[in-house]
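J.: sequence isn't available, so here's the structure alone:
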Ligand SMILES: Cc1cc2nc3c(=O)[nH]c(=O)nc-3n(C[C@H](O)[C@H](O)[C@H](O)COP(=O)(O)OP(=O)(O)OC[C@H]3O[C@@H](n4cnc5c(N)ncnc54)[C@H](O)[C@@H]3O)c2cc1C
């Protein structure tokens, strides 16, 4: 990096920067503060970027500076009595797990990858498989440090400056740079989970298993076979998990509070665009449905249960050079099953293969003004970019908007302003708070400009 900026930080031009979906690509200038005081010195139009695990353009800023937080990853304090960990915002979930799981502490809420930063998790107000019981990430944060556009650092949280906190949680980096997070960890007895898999031969069964109190568990989710049609539309595998007590973990696993590190695999090249097509995905789906659906009850290591995709680094190259879109929507309970059937029908009719489709029931909406979850059903689909995809997604947006749902900003790279505004009714409240802390609009992103935020 060569020093260029008035604030003395070295700036680097990153030509093909993207989110995890590798679409879109943008040319961005980036700085990487090594110490906290460097972060305070950054001025001008800017945006924080954690580990770039949002899929679309949320962590891109092509008309300003991207502030990489990866070096600001220190643990600052841990209180054993409350379980509250204070850490710099660039620390990853994996950093936290590696240090604290062997001592019997785990994350209160985790998304499906451990390679994201604490700041990124709060800014997107991420959810996990326990949303119906535990809510979003922000519900477990006692407070955070925020560096405002003026360079002033403030502290906010549910008790202190709550309006600013609930604008920041889910605010996608648009209120300032989170420099520190105080996260309340949960006690666990082991690094393992008791897991139950069950086949759901159609969508109605998958929805029933996700909603029926008799099948409820701390963590629930269903994998869906998007290419199934007719009476099998929406068939899948329902998966439920509970943290295992020490005595439930077999001695053959060794120390119940840690797992032997797995050998990391890499995908060293981009797969050709045709590799994931309806035929290969149909084959994969049939095999997965049969194998996973018949597993019954078993004990799983935490990483296989929470982060199955992290097993292959760079798995996003599976989708080829053009990248892919993760389309995630939520629909309110009353219309969720009917709307999901309509969306799955359109998708399977279009013969587009979503390699991964995950259905989850959300609990009540939280106080984050732009937080994604609302009570209902959410479906996440990974679809390779190819001609005609965006027209199809516009159609799906139309269904989501008509039924009072919304799309998830942390996954989005293409939705329109009308769909966004209809889905996020607290936008004006958010904008008023943002104006009060950033009147010149120094914090922005390619996503924010696209959506008119
Ligand atoms: C395999 C995989 C599975 C996933 N599963 C889930 C899931 O189950 N649930 C879920 O909710 N999400 C999920 N996600 C999305 C991911 O959790 C979020 O996008 C998260 O925000 C990524 O964190 P990051 O550090 O990579 O942030 P980035 O992608 O770098 O940034 C995301 C947003 O946060 C802002 N931001 C980042 N750091 C800061 C900071 N310090 N201060 C202020 N703003 C900041 C950025 O400006 C941007 O708007 C998944 C992603 C992947 C790749």
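T.: Arrived safely, thanks for sending. Bear in mind the structure is a predicted one, so any value in this text is a computation, not a measurement. Numbering: from 1, shown residues only.

J.: what residue ranges in the protein score low on pLDDT?
T.: 1-6 (pLDDT under 70).

J.: how about the residues of it that lie near the ligand?
T.: 20, 47-54, 58-59, 69, 89, 111-113, 116-117, 119-121, 123-124, 126-128, 172-173, 177-178, 309, 410, 445 (Cβ under 6 Å from any ligand atom). C-beta coordinates here come from the backbone N, C-alpha and C atoms, glycine included.

J.: hey, where'd the strands end up in the stretch 251-400 of the chain?
T.: Under the criterion DSSP state E, counting those that start in this stretch, strands of the stretch 251-400 of the chain are mapped to 265-266, 297-301, 312-313, 324-332, 357-362, 376-384.

J.: as CSV, these with mean neighbour count would be great.
T.: Converted to CSV, those look like this (neighbours: other Cβ atoms under 10 Å):
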stretch, mean neighbour count
strand 265-266, 10
strand 297-301, 15
strand 312-313, 14
strand 324-332, 24
strand 357-362, 23
strand 376-384, 24
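
J.: of those, which is nearest residue 254?
T.: Closest to residue 254 of those is strand 297-301 (Cβ to Cβ; 11.0 Å).

J.: before we move on, back to that, weed out the non-buried ones from the residues of the chain next to the ligand.
T.: 20, 47-54, 58-59, 69, 89, 111-113, 116-117, 119-121, 123-124, 126-128, 172-173, 177-178, 410, 445 (16 or more other Cβ atoms under 10 Å).

J.: just these: which are in strands?
T.: 47-49, 177-178 (DSSP state E).

J.: excluding chain neighbours, what is closest to the residue in the stretch 201-350 of the chain that the ligand sits nearest to?
T.: Closest contact between the stretch 201-350 of the chain and the ligand, by Cβ to the nearest ligand atom, is at residue 309 (4.6 Å). Residue nearest to residue 309 in three dimensions, not counting chain neighbours: residue 315, with 5.6 Å by Cβ to Cβ, 6 or more residues apart in numbering.

J.: hmm, the one you found is touching residue 266, no?
T.: No - with contact defined as Cβ atoms under 8 Å, residue 315 does not count as touching residue 266 (9.1 Å).

J.: quickly list the domain ranges of this protein.
T.: Split into domains by automatic domain parsing, the chain comes to 75-188, 192-416.

J.: name the residue of the stretch 301-450 of the chain that lies nearest to the ligand.
T.: For the stretch 301-450 of the chain, Cβ to the nearest ligand atom, closest residue to the ligand: residue 410, 3.6 Å.

J.: quick one: residues contacting that residue.
T.: 54-55, 58, 124, 126, 172, 372 (Cβ atoms under 8 Å, 6 or more residues apart in numbering).

J.: which non-adjacent residue is nearest it?
T.: residue 124 is the one closest to residue 410 (Cβ to Cβ, 6+ apart), at 3.9 Å.

J.: before we move on, the earlier item: turn the strands of the stretch 251-400 of the chain into TSV, including distance to residue 164.
T.: Converted to TSV, the strands of the stretch 251-400 of the chain look like this (distance: least, Cβ to Cβ, whole Å):
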stretch	distance to residue 164
strand 265-266	41
strand 297-301	39
strand 312-313	36
strand 324-332	25
strand 357-362	25
strand 376-384	27
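
J.: that's all I had, so thanks and see you.
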